[in-house]
Structures are given as C-alpha cells and as structure tokens.
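Colleague: no FASTA, just this:
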C-alpha cells in the first residue's frame, strides 16, 4: 500500500465516528500498521483521538502510543485515565518507555514511574541513569540469550518459547554464567544447522559491541560498518545488558543528521518534527545564535571605522566589500561542511589533522588563484583602475585561502577539545571571516596604494 | 572488538607479509569481518594488497571487494587477472555489482559485462536500466518467495534449501503464479506457527512496497516509517522483482544526508569518502559554485556604485554593510536549512507551502524586531547619530524578515518545480540576500536621511 493514503481514508473514518459505528472503526483500525494509525489519529480532534485509542487492539495500543512525538504523548497521557495510562506504560518496549521519560518534565516522570510495577520501575530507572544520547539510553534488555552448551534443537525451542517477548530473534547472544558476551549466532545459521550441533560450534566469537556509555552515534557506526541487525551493549564489566536494533539505529542516523544540519546553520537543536514545535521555542532556538552574530558583526564595524581614512579617499573600495566578505564566508562554509560531515560519519579522524590541513591548503590556493583572477578581471573592467583591481584580486585570493583553512581548522579544533564540531556553524565561520576578510582587504589596499603613490 | 584496532594489528600483519608467512596471514584474515579486512588492505601497498586478496577465503573475496569505494575497485580490477576478476564479479551480490558498474567508466563496464555468464549479464543489464538512485538500482533479486498454499513445514524446508543464497531469510514474500505480491511473512511468525498451518493464514496481506522507478529516498522512508527489515520492489505491473534490505537503506540514508550537506554548502556532490577524492576533482567540485557566486557578487558591486552619491556623503553607512549582508545571509541559511531538511525527511510536503510561509513570516518578524533593536542600540552607542542608528535598525529588521522568507520560499519553489531543494545552497541564499540587503539598506537610508534633512 502506498504511503500517502491517509487523506483518502479520512472522510470514511470521520463517517464511522459520526455514525458511532465503533465496530466498523475497530475493524478498520485493526487492519492498519501502527505508523498509519498515528497518521490517522493526528487528523482527529482530541476527543475523537482518545476514543479511537480505546478501540485499538490491546497489543497494538502501546506500539501506536510509542510512535507519537513526546509532546503529543504528554497530551494524550493527560487525557487517559490513570488505569489506562498504566496499562500502556507497562506494555511499552523498555527503550520506547525510556525515550518517553527522557523528554517529559521531571514531575510528570515521577508520577508515571509510580504507576509502574516495581520490576518495570527498576528497569526504567536503570535505563534513565545512562547519559543522554548514549547507547544505554536507547537499548532494550529484551534480547535472546543462549548458552554455549545448548544444542541447536534446544536453542530453537528456547527461541520459540521466549520469542514473542523479544525485540528481535534474528540475532541471538551467547553468554556465560557471569553474563559475559561470548559470541553471536544468527537465526539463519541456527536454522541451517543440524539440530544436534552445539551452539558454541556454530557461533561467531568475533563480536562487535559497544558500551552503555558510548555515544549512540558510535552504535550507529558499528551497525552500519558491519551490516548487522543489532549491536549488543555491555556494561563496564563487559556483561551483556541490552541491544540496539537496526530500526532504532535508522532513527538515530536521521536524528543525528538533522541535528548536524541545524547546528551548522546556527539553530539550537530541535528534536521534534517541524510542525510540532511551538512559536516561542522556534524563535528562541534561532535567536541566540543570530544575536551573537549581530554582536560579533560589531567587530566588522569597528574595523571599518578604523580604516575610515582610506575609505574616505578611495570610495570605490567599498564596492567590493560584499564580494570579499561573501567569498570568504562561502569558501569557509564549504570546507567546514566537508570536514564536519566527514568527522560525523567517521571517514576521518582528528589524528589525521596535519594531513587534512595540508590537503586543503593546496585546494585553497588553487581556488584562491582562480577566483582572484576572476575578481581582478571584473574589477578591472568595471572600474578601469589597475591599482584597485589588483587590490581586489590579491585580497580575494588571500581571503579564499584563509577562509578555506579556517573552515577546516575550527571544526578539527572543536573535535580535538571534545566539543561537537557541528557547533561550528556556517554563520560563525562566515562572521569570523567577515572580520578577517576586511582586515586583509584594507591592509593589502593600504600597501598597494602606498606603493602606487610612490 | 572495538573499531579502532586496525593500527594495532598493522605491524603484525606487515611482519607476516615480510616473512612470507602466507599461512599465518590467511588464518589471520579468515577471522576478520570483511569490513575490517578492507581497513587492513587499505594500509598496504598495491602489491601487498593484491597478494592478500588471493589469500582470502573464496566465499569472502567478493564481499570484501564490494566494500571498497568504486575508484578503489577500478584500481584493483586492473591488477587482477581476467580469470580472477571474473570469479569475483560472478560471486558478487547483484546489487553490489550494479553499484560497481554504476560508477565505472562505460568502456570498463562493457569489458566486464563480457566476462559474465549470460544469466548474470542479463540480470546486470536489467538492473542498470533503472534510473540512477532509484529503488530498482539498489535492489537485489535474491529474496525468499513462498506460495500461499504451502504449509509452514514445507516453507521452512524451502527456506533451508534456498537460504544460503538469499540476501535475507527473515522476511519472506508470498507471490502468486503471475508473480504478483500477495503478502509478507516474517521468519519469526513462520517459526512460531504450527507446521501444518498454511502460509496464507499466517501471512500479512498489508504489504508496504515501492516501485522500481521510485527514488531510493522513498524506499528509505518506507523502511524507516514501518520499521521493516526489507522493502519489496515491484515493476509497473506490480510483479515482485527485488528487495532492498535495511543495511543498504542505512547506507542510502547516510549518503543522502551527506549529499544534502554538501549541496547546501554549494559543493558538487562527492560520492566517495573524503580521502579518496583526487586533487583535481576536489577543486572542480567546489570551483563552479564559488565562481558563480563571485560573478553574482558583481551585482552587489553594481548596486553600491549606483548609490555612490549617498555613500560619499555619509561614509559611516559603509561601516554596517557587513553586519547587514551577514545577518540577511545567516537568517536565510537558517530557515532554508530547516525547510530543506524537513522536506528531505518527509516531515513536510510542498502542498502545505502556504501554511509554512505564514508560520515563518511570524517568526521572521519576531527575529527581525529583536535583532533590529540590538543593531539600533549598537549603532547609536558607537556613532551617536540617531538618524544613522535608525537606518541601521530598520534595515536590519527588514533584511532579517525578507531573508527568512526567501530562505523558506526558494527551497519550496525548487521542490515545486521538481528540482532538488538542497541545490539551494547556503552560498546561493547568502549572495542573493547580500544584493537584496544592500538595496533595502540604501533605499531606507535615502528616505530616512531625506526626511531628517527636511
């Protein structure tokens, strides 16, 4: 079934609701995938939404609930009875529950935790103890564990029995008595083996894993590099405590990419979907950076005032200020984009910084030469003054070279001092290079015009 | 095992090579995951690399080969004997082979196609016929197909028999005699069912699929939305022709994000990893956009010259040119980033454009007011001229509002005329807003100073 059918079915659904055909609505919803049910429920008003929720099959309710954005989940919880909320929370997958608690205000989380039975509450608290955006936060403890001396036949029996409550049965984890991870076995290998073979003989001892405190981005890199369906997570004593499945990794990858995008443009990260962010938040997310940059722009203003002498005598110098500051900023944001993205996907490491800077220096020189010649030509044609054209050309070449290196060096430096390179937003680089570009421009202008005058 | 161990093991490997301990090297490589083998081989010189390739287990060779970048694969193929190259090509997964052919020069592909047996050659040609970056290009025809009237027991037998040659056995596809897709069944459901049950009774008829000509991004959206391990691909007669598994989707998602990043910064898309792009290509990828922008910057230069009168009389106006052009560009690239990313992940559709523009207009006004007041204050403090400060403040507010809308409208317009919104790079928006900002600034300046003079 194609994705964009929600709008087609919406009139039908509204009719079922208006005619109070609850059986019809229940049957209709039963056929739908939870992700599509979420789309439908979003189009209803709050009363219709809560009512439709009650019509969902018991085993689907928590799945559907988990797919809403945290801000919507908070709204829904307010409208459910405490009993209803309790049922949903207990049924939710541990990693979905952690994600919900992660986003809610603390006092709401406290109240909800009290609704959970002690076992689930303990589990929830443990998961919430892990650092934000760590593998421990997004993992689920519901994996299949096997023992090394099991036969394949016995393993399959165990999988059949525990399977319904496991996040995935396609990868099984072999642990010893101390719960240390000893190997992995795919369901494919288990199925294709003889039933009398021992698990330890068919398992793969070369296990790729992450620690609970590792960043979720690292878990994503492991899954992507080794093409595995889930990555096991161990605690600091190397005991297996959970897994992160590839569907959650897919969400992490999109989330991290969106975050990087927004940071690069100087926006405080917005984790919710576009239309679900409130007005005040939207302004406040963007304003801090923009204000910083306005204030930083006063540097440019100060620089220009200090050169007011030469500005007054050669007005034509001002004509090229936008071209110069713009080119510096453009080159810098190009190179910083390349580096930030390559750092994020793990293609380069900070230890290679010297090699990277040397590489980019050569590229910067080439770019600067080409652009400087073009700028010189443009200036010469429009102003017919060789001295000025020379100033513009040489300044542009220099600004481009400098801008290129600055765009590379700053993200590398950020990563080196353990800050997120994506915080080095394009606006930051642009503003820095505005000021630098002006200094370069006027210093070169002064020297060239002094030489020309003598 | 942690990721960054390649450097640790490299001395050991080099020693095995130098002492010609081929058995030792073969044993060592046998234990490693193909992705790690690629890391090791990259650290060796070409001769050592080809030699190590010959030591790989036969069933691993094509897997390892498929993980190299196309430019590296081309190099390796040149160094292999024709027989060796043939073996590797035949053994490769169809989707990996298509990806290789996709990137190689046409004459090389012709030669390689001749090496394939007729069945594989036909398959390769079919896959290459699909549009670039389509689902058809990245799919594999090696899926498990079942019939509706099979028993679960018979299905498991079939899976065990054909399994070793299938990309995945965890999702099975039920087709009828005309090869139309009738349902899906997960291996989990098959295993948990009774062996006498019929497949048609346990299968899910609600199938999510894409067409061969759909964009790979759409396949990624389906997989991500419905949390499935693979998405089936049908031709224009709705017959099942292949599947795209989630590991390939993960690569698609990263690739698309990196592409968007680079386009946003005005870089022609570089599909290879950072260090594998040659010098000339690196310069040419970036130069075209930068040159266009230098030329576009002549517009700014022309605008400034046309206002040379007012520039001459009020030199202080130039002090704030960078602040104005910069703020317009920063605001514009912020809003365009938000929109481009939201369009790419499917969070908003172009049909909602009016709603989006209205939303952003309000945000732009708020941002503009705040920043305008700050700019006015800065100008008033440093120059002690109310008229000038007023000009700067009002201009900045206007430039920010306009920049915000422009940053939203242009990507939306691009998507509307079916171009990729990410081509609307930050440098493009910045340069456009430079010129617009200058016009706004000087027009406001003229009016305010005329009013002040009268």
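Modeller: Looks like it came in fine. For clarity, every value in this text was computed on a predicted model and none was experimentally measured.
Colleague: quick one: is the lowest-mean-pLDDT helix or strand in chain A near chain B?
Modeller: One helix or strand of chain A scores below all others by mean pLDDT, DSSP states H and E: helix A:279-306, with a mean of 76. Yes. Interface with chain B: helix A:279-306 contributes A:279, A:282-283, A:286-287, A:289-291, A:293-295, A:297-298, A:300-302, A:304-305 (C-beta under 8 Å from any C-beta of the partner chain). (C-beta placed from N, C-alpha, C; glycine too.)
Colleague: show me what that helix is packed up against.
Modeller: helix A:426-453, helix B:321-344, helix B:353-383 (3 or more C-beta pairs under 8 Å, 6 or more residues apart in numbering or on different chains; DSSP states H and E).
Colleague: let's see 10 Å
Modeller: helix A:246-264, helix A:321-344, helix A:426-453, helix B:321-344, helix B:353-383, helix B:386-416 (3 or more C-beta pairs under 10 Å, 6 or more residues apart in numbering or on different chains; DSSP states H and E).
Colleague: okay, buried residues for the helix or strand following that helix please.
Modeller: The helix or strand immediately downstream of helix A:279-306 is helix A:308-313, counting by DSSP states H and E. Neighbour counts over helix A:308-313 (16 or more other C-beta atoms under 10 Å in any protein chain shown) mark residue A:311 as buried.
Colleague: show me what helix A:308-313 is in contact with.
Modeller: Residues from elsewhere that reach helix A:308-313, judged by C-beta atoms under 10 Å, 6 or more residues apart in numbering or on different chains: A:304-305, A:317-318, A:321, A:442, A:445-446, A:449-450, B:311-312, B:315-316, B:318-319.
Colleague: give me the helices and strands touching the helix or strand encompassing residue A:145, please.
Modeller: With elements taken from DSSP H and E, the one containing residue A:145 is strand A:144-146. Packed against strand A:144-146 by the contact rule (3+ C-beta pairs under 10 Å, 6+ apart) you find helix A:152-162, strand A:171-175, strand A:181-186.
Colleague: make CSV from the ones you listed and add mean neighbour count, mean pLDDT and distance to residue B:31 to it.
Modeller: Formatted as CSV, the helices and strands packed on strand A:144-146 follow (neighbours: other C-beta atoms under 10 Å in any protein chain shown; pLDDT from 0 to 100; distance: least, C-beta to C-beta, whole Å):
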stretch, mean neighbour count, mean pLDDT, distance to residue B:31
helix A:152-162, 17, 94, 23
strand A:171-175, 22, 96, 17
strand A:181-186, 20, 95, 13
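Colleague: same list, these, but as CSV with distance to chain B please.
Modeller: Formatted as CSV, the helices and strands packed on strand A:144-146 follow (distance: least, C-beta to the nearest C-beta, whole Å):
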stretch, distance to chain B
helix A:152-162, 6
strand A:171-175, 10
strand A:181-186, 9
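Colleague: nearest to residue B:96, of these?
Modeller: Ranking the helices and strands packed on strand A:144-146 by proximity to residue B:96 (C-beta to C-beta) places strand A:181-186 first, at 19.6 Å.
Colleague: what's the spacing between the closest one and its chain's center?
Modeller: Centroid separation for strand A:181-186 versus its chain: 29 Å, with C-alpha atoms, centre = their mean, to the nearest Å.
Colleague: got the angle for it vs helix A:152-162?
Modeller: Calculated by axes from the mean of the first three to the mean of the last three C-alpha atoms, to 10 degrees, strand A:181-186 forms an angle of 90 degrees with helix A:152-162.
Colleague: just checking, next helix/strand downstream of strand A:181-186?
Modeller: Proceeding N to C from strand A:181-186, the next assigned helix or strand is helix A:187-192, under DSSP H and E.
Colleague: for that following helix, give me every contacting residue.
Modeller: A:144, A:146, A:152-153, A:155-156, A:159, A:163, A:168-172, A:186, A:197, A:199, A:202-204, A:229, B:156, B:159-161, B:163-164, B:166, B:168-170, B:187-188, B:191.
Colleague: so which of the helices and strands packed on helix A:279-306 is nearest residue B:82?
Modeller: helix A:321-344 (35.7 Å).
Colleague: any figure for the gap between residue A:432 and residue A:293?
Modeller: 10 Å (C-beta to C-beta, to the nearest Å).
Colleague: please read the previous query as pertaining to residue A:11.
Modeller: Distance, residue A:11 to residue A:293, by C-beta to C-beta: 48 Å.
Colleague: in terms of neighbours, single out the busier of these two.
Modeller: residue A:293 (24 against 9; other C-beta atoms under 10 Å in any protein chain shown).
Colleague: which residues does the more buried one contact?
Modeller: Counted by C-beta under 10 Å, 6+ apart, residue A:293 has contacts A:266, A:425, A:427-428, A:430-432, A:434, B:323, B:326-327, B:329-331, B:371.
Colleague: where's the dip in pLDDT among those?
Modeller: In terms of pLDDT, the lowest of those is residue A:266, showing 64.
Colleague: could you chop chain A up by domain?
Modeller: As given by automatic domain parsing, the domain ranges for chain A are A:2-132, A:145-254, A:274-453.
Colleague: tell me the most buried of those domains?
Modeller: Ranked by mean neighbour count under mean count of other C-beta atoms under 10 Å in any protein chain shown, the domains of chain A are led by domain A:274-453, which reaches a mean of 20.
Colleague: centre of the chain versus that one, how much separation?
Modeller: Offset of domain A:274-453 from its chain centre (C-alpha atoms, centre = their mean): 27 Å.
Colleague: what of stretch A:67-86?
Modeller: Its chain's average C-alpha position is 25 Å from that of stretch A:67-86, according to C-alpha atoms, centre = their mean.
Colleague: could you do stretch A:125-143 as well?
Modeller: Put simply, stretch A:125-143 sits 17 Å off its chain's centre (C-alpha atoms, centre = their mean).
Colleague: and what of stretch A:178-197?
Modeller: 34 Å.
Colleague: tell me the span between the first and last residue of it.
Modeller: 24 Å (C-alpha to C-alpha, to the nearest Å).
Colleague: what does stretch A:182-199 give?
Modeller: Terminal residues of stretch A:182-199 lie 11 Å apart, using C-alpha to C-alpha.
Colleague: is any part of stretch A:317-336 close to chain B?
Modeller: Yes. Interface with chain B: stretch A:317-336 contributes A:317-327, A:329-336 (C-beta under 10 Å from any C-beta of the partner chain).
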